[in-house]
Every structure is written in C-alpha cells, then in structure tokens.
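> next one to model:
(2 chains)
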Protein chains: 2
Amino acid sequence: MALIESVPNFSEGRDRAKVDAIADAMRADGVYLLDRHVDADHNRSVITLAGTPDSLFEAVLRGIGKAAELIDLTRHRGVHPRIGATDVVPFVPIEGATLEDCARMARQAGAEVWKRYRIPVYLYESAATRPERVRLENIRRGQFEGLRDEIATNPDRLPDFGEPRVHPTAGATVIGARKFLVAFNILLNTSDLEITRKIARTVRFSSGGLPFVKAMGVLVRGLAQVSMNLTDTDQTPIARVFEVVSREAARHGVAVASSEIVGLIPKKALPDAAASLLKLENSAASPVLEDRLATAKAGIR
Amino acid sequence: MALIESVPNFSEGRDRAKVDAIADAMRADGVYLLDRHVDADHNRSVITLAGTPDSLFEAVLRGIGKAAELIDLTRHRGVHPRIGATDVVPFVPIEGATLEDCARMARQAGAEVWKRYRIPVYLYESAATRPERVRLENIRRGQFEGLRDEIATNPDRLPDFGEPRVHPTAGATVIGARKFLVAFNILLNTSDLEITRKIARTVRFSSGGLPFVKAMGVLVRGLAQVSMNLTDTDQTPIARVFEVVSREAARHGVAVASSEIVGLIPKKALPDAAASLLKLENSAASPVLEDRLATAKAGIR
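You can find the predicted model right below:
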C-alpha cells in the first residue's frame, strides 16, 4: 500500500484553537497526523501527515478549506514569508509511490482547490509547470500583499489553476511534490539580522554554499535565526550544516544559542549527526545494542 | 525468557585466527555474538555476547578454556592493563534478570573456571567479596607480572576461587556482575601521555570529575588516548563527556582527533548525543519519521 507524506503550512501560529480545528478537519481513516509545529513568531503552523493517496488527498483538501474559513491573511503578521492561509502544500513519496505520483496528486489537488474554494494555485518543485516556479521563493516573491497587487497585470504571475486574482482573505496556495526534507533552524546569540543573512548566504547552495541546503536569515524573538531546508541529509548531513554555521557565526563574533528541527527527520539522521560531531571512527555496523539483538535474533549472525 | 549480556575481554588483539577460534568456541544455540572489537594497540579483544543464562554460562566457560589454550601471557605486550588470557568477564542484566542474578552467575562461573582450567578467579563489582575488590583496577594492580610475584605471599591478593598461584600462561581471571556500560575512547592529536593523564584525572569521578565516568590516559599508535567507561549514560551522557574532554584538551593546547565506542551502546545514546551537541530545543517526542509512523500505526494518535 502506497504511503505519501504531506506537510501543509498554515498561516496561523498564535491561535491554538484555530490550528486544532484545521488539524481536526484533516483526521480520517488511513491518515496519520505525525507532527504539529506551531510557531508564534513565524505565526505559522506546520502539520505533518502521512497516509494512503486517496485518504491523504481528501484530508489535505479539507484542511485547506478549514484554513480558508478561519484565517484572514489581510490581518496576518509574522516573520515568515507567505502568500496564503494555506501557504504551501508539498506531497512527498514515503513508500510505494514515486515523485511523479506525488506531482500528479499535486496537480489534482490544485484543480480541486480552485474548484471547491476559489483559491488560485501555483505548482512548485517537481510539479512546476514553468522553470522559474520550481523554487518556492520565486512564487512567494512580494508575499500576499505583493501578489495581490500584481496577479492581474503581470503575466508571469498567472496562477496554474484559477483566475488571476487572489482569494480576498485566503490569498493563494502553492502545491507541489518534492523529496523528503529536514527543516532545521539555528538560533544565534545576536539580534543582528545582517550577520544572520550573511551566514545564510554562505551556507546555502544557491549562493555558492553547501549542496542540498536552502537558507534564509530571519529575526525570531529578537534573536537572529538561520532558517534552513536540508533537501538531502545523506549528501549534506545535519552535522556538517551545524559545523559550517557555527564556524561562520564565530567568524562574525557570535555563537549558536540553540537549534530546532521543524517536523520530522529520517531515523538515521541523529545517530549520523552524533557520530560526526563526536568524530566517531566506527565500523559500518550500528553500535546500538537493540539493533544488534534484533539482527541476531532474526538469524543474521 | 531472561536475557543476560557478557563482555569477556581476551588478551589477544593481533592474531585474528586466535580471536576467531575463541569466538567460535562460544557459539551456541541461545547465544548471540553481538560484537567483536579487536584492538592491536591494546592487544586485546572485547567480545559482546547475549543469551539465556544457561547457554551464555556454558559459552563463556568454553571461551575462557579456548583462550587459556591459545594465549601465552608471558609473551603478551599491549598498552592495556591485564592479568589474564581471559582478563575480565562481566555479566550484565538485559531483560528479565537482576544484577543479583548476574552476581550469582559470576560466582558459579568463578568456581567452574578454577575447577575446569585451574585458573584462579577474582570476583569484582557487584559480585565482589571484599570492598576493595569492587573496583577492577585494584584487582589488576601490578598486572600479570606483579600479581605472579605477590599472589602467594600477600594475603590481600588471595583469589576468591583457586589456589594462590597464577596459571603459568593464562594468569588469573576477574569475573563479576555490573550494569550496562559504554566503553568510550577519545584520541587526542598529541603524543604527550602526561596531558592525557591529566585530562583523565579531570574527567573521572574518582578524582573529582563527572559522575559515572572512569578514565585513564594511555598512548595508542603514538597518540594520547583518554580511555573511559561510562557506567550510566542517562545520568552522564556521552556528549557531556565529549565536551569536557574537548574543553580540557583545548586548555592544554591540544585537540580531539577522533573517538570510538568499544562494544555497544543503548539505542537512545547517539540520538541523545546529537540533540545535545546540536543544542536541539525539541519537544519530548522523537522527531524521527519512522518512530512517529510506527506509533501512529499502532493506533496511538
């Protein structure tokens, strides 16, 4: 049975009751709510779901409908860029499904969101219909307010589904397909946004940094944060990113205060990070007692 | 069904064929060979087994017999202290067994080792018969050569089982019961043994350092190594030990070159270390996708 993940981002991170109502709207047989990250500074919630394709599709559609009902983007303030009440919805293959299956699902969802809710939809990443729409930041340029002004007059901003006007309170939604990613934020002990932006530029691939890393500098609770997406933690592990950011921070005379993972990570990401940060020179096999016992009991001595 | 671990240490780390023969002698139904750490510098092998009490007991006894056959301690050189061909044999409760069950097993094994092989046995840790024998280092004082000279004349060195004379080639063996421990070595980029010894003194509990840490400084491949046993990684986590050793190394103008885990660690030790070293400020729940899915599928939403 195919299993797909979806990680819809909603522009509400302060009113718990609204976030609960959106999450509840997505509950269904065959759908697992795996994680809920509610961020008051970003004024944004990230909900991680997994399920069978049909159940997950319906769950996500209901979540988008509920968010349109509850969120008024004309009154929304937060440090994270956004264009919609439901801002972005990726579909991610987990097992028994391909990236192309997820892209097809994204296109179907786009058509359905316009049909049901009259919210225009842009397709991104593996579902993108234009090269410049592969990258989410291009679609989100100018945010809700900028898009609202431009959508009718700038042909580059024509949505993939729907008419060229934003939904008055729910804006527009970006839907797409991508591989599994890790959202990783590092907070610095400074309130200097410029330093954070410099570090983000150094670490992200698009300006010559580490492969499979997207990064931006933002201010959160008065502290500078390097907010990152790691799109392949096998190729560019979490520990490597942490070390580069720590080193760059030191170069600017500041230090890492803490870090956070938004959503989920693959099973081996944290043990891999520990091995790297501890400089462990170990054999290939896992040194974990429970793993060895399970392997031994399964008869693979 | 009770499951007990045993981690016999044998004084052979250079001749693979001999280590294989000893490991093969311990194979049996109901016994899992979980790990084998062969160290040429220490000239020592650490084999991790787990099994049901009766099967494990017989397996360990056969391993001790095979080691006595193959290892001649009068020709043994290595950087790690040792008094026997089979140097030390702890029994460790894993599931369905207590530390007292393991201590009983250690006493039975001690009697049997003397009876079968004429190797004198000392009991240590939770199986110790005298307070000064709780600590392994006290029993091993002066190593094989020192014990050989003293055993007949010094009443403090009377073995718990057997006559007061070492086996001519297999020496003596220390058998006991203890809780699960993590053997963790940190290598420094220096050949200054004195610095390593100073760091070991700073980090180990017995000289005022971290609780649940035993440490000694040794030279391995010309590099200084802080060789440690962590007896409770919940209370004093690996990351904390690593940070203290790194900081002390920096104080002495040297740095950590690498680290290694000898044998096995509990499942949560590495993720815990990563969380600590990355300064992760996360929720209590595991951020691991596979764990969340398993929990969700089990119906605990």
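
> okay, now the residue in the stretch 101-250 of chain A positioned nearest to chain B: neighbour count?
For the stretch 101-250 of chain A and chain B, the shortest gap (CB to the nearest CB) falls at residue A:242, measuring 5.5 Å. For glycine as for every other residue, the C-beta is placed from the backbone atoms N, C-alpha and C. Using other CB atoms under 10 Å in any protein chain shown, residue A:242 is surrounded by 22 other residues.

> now swap in residue A:163 and tell me
Neighbours of residue A:163 (other CB under 10 Å): 12.

> that one and residue A:120 touch, don't they?
Yes - shown here, residue A:163 and residue A:120 form a contact pair, counting by CB atoms under 8 Å, at 6.7 Å.

> quick one, helices of the stretch 101-250 of chain A?
For the stretch 101-250 of chain A, applying DSSP state H, counting those that start in this stretch gives helices covering A:136-139, A:143-150, A:193-203, A:238-251.

> and residue A:137, how many neighbours?
By other CB under 10 Å, 11 other residues sit near residue A:137.

> ok, now how distant is it from residue A:98?
25 Å (CB to CB, to the nearest Å).

> equivalent analysis for residue A:243, please.
With distances taken as CB to CB, residue A:243 is found 34 Å from residue A:98.

> how many other residues sit next to the residue in the stretch 1-150 of chain A that chain B sits nearest to?
Here the residue of the stretch 1-150 of chain A nearest chain B is residue A:32; by CB to the nearest CB that distance is 3.6 Å. The tally of other residues near residue A:32 (other CB under 10 Å) stands at 23.

> quick one: residues contacting it.
A:49, A:50, A:51, B:292, B:293, B:296, B:297, B:301 (CB atoms under 8 Å, 6 or more residues apart in numbering or on different chains).

> do residue A:119 as well
A:64, A:68, A:84, A:85, A:86, A:113, A:162, A:167, A:170, A:171, A:172, A:173.

> least trustworthy helix or strand in chain A by mean pLDDT?
Within chain A, no helix or strand scores below helix A:289-297, which has a mean of 82 by mean pLDDT, DSSP states H and E.

> check which helices and strands that helix sits against.
Secondary-structure packing of helix A:289-297 (3 or more CB pairs under 8 Å, 6 or more residues apart in numbering or on different chains; DSSP states H and E): strand B:31-39, strand B:44-51.

> residues in contact with it?
Contacts of helix A:289-297 (CB under 8 Å, 6+ apart): A:285-286, B:5, B:32-35, B:48, B:50, B:94, B:180, B:264-267.

> ok, of these, which one's closest to residue A:16?
Distance to residue A:16, by CB to CB, is smallest for residue B:267 among those, at 33.0 Å.

> please, which helix or strand holds the closest one?
Using DSSP states H and E, residue B:267 sits in no helix or strand.

> if we can go back for a sec, and the pLDDT at the residue of the stretch 101-250 of chain A closest to chain B?
pLDDT for residue A:242: 97.

> contacting residues around it?
A:186, A:256, A:259, A:273, A:277, B:278.

> make TSV from those residues and add neighbour count to it.
Below are these laid out as TSV (neighbours: other CB atoms under 10 Å in any protein chain shown):
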residue	neighbour count
A:186	26
A:256	17
A:259	24
A:273	26
A:277	22
B:278	26
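
> can you tell me which of the residues you listed are in helices?
A:273, A:277 (DSSP state H).

> domain ranges for chain A?
Structural domains annotated on chain A: A:3-177, A:182-277, as defined by automatic domain parsing.

> how about these in CSV, adding distance to residue B:80?
Output for the domains of chain A, formatted as CSV (distance: least, CB to CB, whole Å):
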stretch, distance to residue B:80
domain A:3-177, 46
domain A:182-277, 24
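
> what's the neighbour count on residue A:241?
Applying other CB under 10 Å, I find that residue A:241 has 26 neighbouring residues.

> how about the one 3 residues further on?
Residue A:244 is surrounded by 17 other residues when neighbours are defined as other CB under 10 Å.

> ok so, going back, let me have the helices of the stretch 101-250 of chain A in JSON lines, extended by distance to residue B:142.
Shown next, in JSON lines, are the helices of the stretch 101-250 of chain A (distance: least, CB to CB, whole Å):
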{"stretch": "helix A:136-139", "distance to residue B:142": "69"}
{"stretch": "helix A:143-150", "distance to residue B:142": "75"}
{"stretch": "helix A:193-203", "distance to residue B:142": "55"}
{"stretch": "helix A:238-251", "distance to residue B:142": "43"}
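
> tell me the contacts of residue A:88?
A:8, A:9, A:124, A:136, A:173, A:174, A:175, A:176.

> and for residue A:56?
A:4, A:6, A:30, A:31, A:49, A:50, A:91.

> show the contacting residues for the first one.
By that I understand residue A:4. With CB under 8 Å, 6+ apart, residue A:4 has these contacts: A:50-53, A:56, A:91-94, A:97, A:101-102, A:105.

> got the phi and psi for it?
phi -120, psi 150 (degrees, to the nearest 10).

> for it, give its distance to residue B:295.
19 Å.

> ok, now residue A:186?
28 Å.

> for chain A, which spans come out with low pLDDT?
A:282-285, A:299-301 (pLDDT under 70).

> beta partners of residue A:227?
As for beta bridges, residue A:227 partners with residue A:185, residue A:216 under DSSP bridges.

> burial count for it?
Neighbour number of residue A:227 under other CB under 10 Å is 22.

> show me the contacts for it.
A:80, A:183, A:185, A:200, A:215, A:216, A:217, A:218.

> close to chain B: what parts of the stretch 51-200 of chain A are there?
Residues of the stretch 51-200 of chain A lying close to chain B (CB under 8 Å from any CB of the partner chain) are A:94, A:180.
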